[in-house]
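Engineer: Sequence and predicted model, in that order:
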Amino acid sequence: MSKITVFSGSAHPGLAAEICAHLAVPLQPSTLQRFANDCLGVRLEANCRERDVFLIQPLVPPVQEHLVELFLMLDAARGASAARITVVMPHYAYARSDKKDAPRISIAARLVADLLVTAGANRILTMTLHSPQVHGFFSVPVDHLHALHELARHFRQYDLTNAVVVSPDLGNAKPAAALARMLGVGVAAGAKQRFDDNRVVISSLIGEVADRDVIVLDDEIARGSTVIELLDRLRERHVRSIRIACTHGLFSNDALERLNCQRDILEIVCTNTVPILAEKQVSKLRILSVAPALAEAIRRIHDGESVSALFQPV
């Protein structure tokens, strides 16, 4: 690991420090400056020449600021003659903009992927993309990890003899089925229709959930509208208990409080791909660390080993 250099942007320095602790390498300093004209500037405070450079920066709010900071870090590393630059982006916020579902709209997932490569990215390491096809939007290699192993390890502590994993929609049914196989339980899915960013309708559930212990699995939770709508369908079928799980706990506005006050939700489980401020955390929230998985992926990328064992569905 003598030729590895790791930097963190300002989006999630806590996760970067944890990753470096697992790698037993120092987290190198960088400086972010805002000039009088509101432009940003970045300086990497360690040698990059002929080094294997990893830039850790999830795209979390404020997304645009953190994205521009990442562009500047990439440009600085490339200008400093880095041998290879890998962007470690645990959460790719623009992955939701993956198709043209209305006239005259941009497909931002592809545009941002192109911009990252233009800025200097040679490789991308990410986790649980909202849509699998976004993997193919990048013209450089992408290692796409998931957090199913961490989630399965957590839920195995409970009695799962009467459990079922429920996906809020058919698009997320494959990861839900993979988690169900890991846990040795059944799987169900909702028939969801999204009308806008705030309005979601789940008309029915496919699968047996009555009198079962339900684990709701989604890739990310932002406003919580989908989960709240799904709760109504689950209550109609008189489920026994409900636990909520996701990889990316964005929890915008009062989403965490809304979920925490639902009497039939026993637990809200997410990972630390996205930072959650201490003052926003609630009693039912459990945060699992993906730093060991990301650190192992970084080690394998650096050593030229296979990463496939870390991101295979099962």
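Structural biologist: That came through fine. Numbers count the residues shown, from 1 in each chain.

Engineer: Quick check: Ser167 touching Ala189?
Structural biologist: Yes - Ser167 lies in contact with Ala189 (Cβ atoms under 8 Å); the separation is 4.3 Å. Bear in mind the C-beta positions are built from the backbone N, C-alpha and C, glycine included.

Engineer: which residues do these two both contact?
Structural biologist: Ala173, Ala176 (Cβ atoms under 8 Å, 6 or more residues apart in numbering).

Engineer: the more surrounded of those two?
Structural biologist: More neighbours surround Ser167 than the other of Ser167 and Ala189, with 27 against 23 (other Cβ atoms under 10 Å).

Engineer: Identify the residue spatially nearest to the more buried one, adjacent ones excluded.
Structural biologist: Ala176 (3.7 Å; Cβ to Cβ, 6 or more residues apart in numbering).

Engineer: That neighbour in helix, strand or coil?
Structural biologist: helix (DSSP: H, G, I helix; E, B strand; the rest coil).

Engineer: can you count the residues close to it?
Structural biologist: 26.

Engineer: Show me where the stretch 51-200 of the chain has its helices.
Structural biologist: For the stretch 51-200 of the chain, the helices defined by DSSP state H, counting those that start in this stretch cover 63-79, 108-119, 148-155, 173-183.

Engineer: Next, format those as a markdown table and append distance to Gly9 and mean pLDDT.
Structural biologist: Shown next, in a markdown table, are the helices of the stretch 51-200 of the chain (distance: least, Cβ to Cβ, whole Å; pLDDT from 0 to 100):
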| stretch | distance to Gly9 | mean pLDDT |
| --- | --- | --- |
| helix 63-79 | 5 | 98 |
| helix 108-119 | 13 | 97 |
| helix 148-155 | 23 | 96 |
| helix 173-183 | 27 | 95 |
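
Engineer: Any chance of a markdown table for these, columns distance to Arg194?
Structural biologist: Formatted as a markdown table, the helices of the stretch 51-200 of the chain follow (distance: least, Cβ to Cβ, whole Å):
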| stretch | distance to Arg194 |
| --- | --- |
| helix 63-79 | 20 |
| helix 108-119 | 17 |
| helix 148-155 | 24 |
| helix 173-183 | 16 |
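
Engineer: which one of these lies closest to Leu310?
Structural biologist: Closest approach to Leu310 among these (Cβ to Cβ): helix 148-155, 8.5 Å.

Engineer: and that closest one, what does it pack onto?
Structural biologist: Helix 148-155 makes packing contacts with helix 173-183, strand 241-249, strand 265-271, strand 285-288 when contacts are defined by 3 or more Cβ pairs under 8 Å, 6 or more residues apart in numbering; DSSP states H and E.

Engineer: Please parse the protein into its domains.
Structural biologist: As given by automatic domain parsing, the domain ranges for the chain are 4-146+292-311, 148-289.

Engineer: would you list every one of the strands in the stretch 1-150 of the chain?
Structural biologist: 4-8, 27-28, 30-34, 40-44, 52-56, 84-89, 123-127, 142-145 (DSSP state E, counting those that start in this stretch).

Engineer: so which of those gets nearest Glu257?
Structural biologist: strand 123-127 (25.9 Å).

Engineer: Tell me which other helices or strands that closest one touches.
Structural biologist: Strand 123-127 packs on strand 84-89, strand 142-145, helix 291-303, going by 3+ Cβ pairs under 8 Å, 6+ apart.

Engineer: what comes up buried for it?
Structural biologist: Neighbour counts using 16 or more other Cβ atoms under 10 Å place Arg123, Ile124, Leu125, Thr126, Met127 of strand 123-127 among the buried residues.

Engineer: what's the answer for stretch 216-230, then?
Structural biologist: For stretch 216-230, by 16+ other Cβ under 10 Å, it's 216-227, 229-230.
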